[in-house]
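*Asks:* I would like to see how this sequence folds:
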Amino acid sequence: MADLSLILAPQTPGDAVAIERLDERAFGPGRYARSAYRLREGVEPDYALSFVARVGTLLVGANRMTPIRCGDAPALLLGPLTVDPAFRSGGIGEALVVKSLEAARAAGHALVLLVGDPPYYERMGFRPVPPGRLRFIGPVDPARLLYCELVAGALAGAGERVRRAPERPTA
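*Replies:* Next comes the predicted model:
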């Protein structure tokens, strides 16, 4: 049997259908009701910061980085982070997050938010947002609202209201 290595690559628009199928298997139809989805809905991810994981030609994981705003400050929303159930517990999710954070830091971004489980994401540099510090669109469990500063002090410079980023002009 061939040894199939994990390959991390930037997402492309051509990955959208496979990622949607992966998200459907992992999260079901309830994913559309989540508040974080409302920030991402209809907004293209930043493809330079969003990655897919493949074993051979099989897409087994994906994460997305979407531009958002915290007040007037730009930020990124990480998620969804999805790993095919058959490939969980193999470090794929963590590899995808680390790759995105490295790319975001290199591109000059300062702040990343996500809604997720602290024990999992804390090892990648995320911390719980202090209570009442950010006002997220829709209901969010405050214990699951996390941030990662890519630049020290970025959270202090962010406004309270988390919202969609203005659309980027198309050429």
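*Asks:* only C-alpha atoms from now on, for both contacts and neighbour counts.
*Replies:* Noted.
*Asks:* relative to Leu58, how far out is the residue nearest the centre of the chain?
*Replies:* The centre of the chain sits closest to Leu78, judged by Cα atoms, centre = their mean, with a distance of 1.7 Å. Distance, Leu78 to Leu58, using Cα to Cα, to the nearest Å: 22 Å.
*Asks:* spit out the contact partners of the nearest residue to the residue nearest to the centre of the chain once chain neighbours are set aside.
*Replies:* Nearest non-adjacent residue to Leu78, counting by Cα to Cα, 6 or more residues apart in numbering: Met65, 4.7 Å away. With contact taken as Cα atoms under 8 Å, 6 or more residues apart in numbering, Met65 is in contact with 45-47, 49-50, 76-79, 100.
*Asks:* columns secondary structure and distance to Tyr120 on top of those residues, output as JSON lines?
*Replies:* JSON lines is the format used below for the contacts of Met65 (DSSP: H, G, I helix; E, B strand; the rest coil; distance: Cα to Cα, whole Å):
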{"residue": "Pro45", "secondary structure": "coil", "distance to Tyr120": "23"}
{"residue": "Asp46", "secondary structure": "coil", "distance to Tyr120": "23"}
{"residue": "Tyr47", "secondary structure": "coil", "distance to Tyr120": "24"}
{"residue": "Leu49", "secondary structure": "coil", "distance to Tyr120": "20"}
{"residue": "Ser50", "secondary structure": "coil", "distance to Tyr120": "19"}
{"residue": "Leu76", "secondary structure": "strand", "distance to Tyr120": "19"}
{"residue": "Leu77", "secondary structure": "strand", "distance to Tyr120": "17"}
{"residue": "Leu78", "secondary structure": "strand", "distance to Tyr120": "14"}
{"residue": "Gly79", "secondary structure": "coil", "distance to Tyr120": "14"}
{"residue": "Ser100", "secondary structure": "helix", "distance to Tyr120": "16"}
